[in-house]
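> structure of the sequence below:
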Amino acid sequence: WHGKSLREQVDWKRDTDALIAAWQDAWRAGGSPGADRAQEIAARHVRWLGQVPATPLADGARERSAEMVRCLAEMYAQAPDFAATYGAP
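Numbers count the residues shown, from 1 in each chain. Below is the predicted model of the structure:
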């Protein structure tokens, strides 16, 4: 984070807010996890995660990346803090 310029930090925050808003909108619209819209947002979320340095996604470690995404998905679905961010469990 500290290696980013102010512009890059602002862009990251904008992209993060837009991603969260997309998940909230999909939830409010009653979409299911398997729906095309949810799958598109999930793919976008994985690309976003790939921008985090020193993670399996950023490093291109396919097997570890899949494990990371599965673990994060479980955490997002179960942790109350994430439910508050995304609008509901």
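> please spell out which residues along the longest helix along the chain are buried.
Using DSSP state H to define each element, the chain has its longest helix at helix 6-28. Across helix 6-28, burial judged by 16 or more other Cβ atoms under 10 Å covers 19, 22-23, 26. No exception for glycine: its C-beta is placed from N, CA and C like everyone else's.
> which strands and helices sit next to the helix or strand just after it?
For helix 6-28, the following helix or strand on the C-terminal side (DSSP states H and E) is helix 36-49. Under the contact definition 3 or more Cβ pairs under 8 Å, 6 or more residues apart in numbering; DSSP states H and E, helix 36-49 sits against helix 6-28, helix 62-78.
> now the last one and helix 36-49, what's the angle there?
Between the axis of helix 62-78 and that of helix 36-49 there is an angle of 120 degrees, by axes from the mean of the first three to the mean of the last three Cα atoms, to 10 degrees.
> still on that earlier bit, looking at the helices and strands packed on helix 36-49, which has the lowest confidence?
In terms of mean pLDDT, the lowest-scoring of the helices and strands packed on helix 36-49 is helix 62-78 (a mean of 90).
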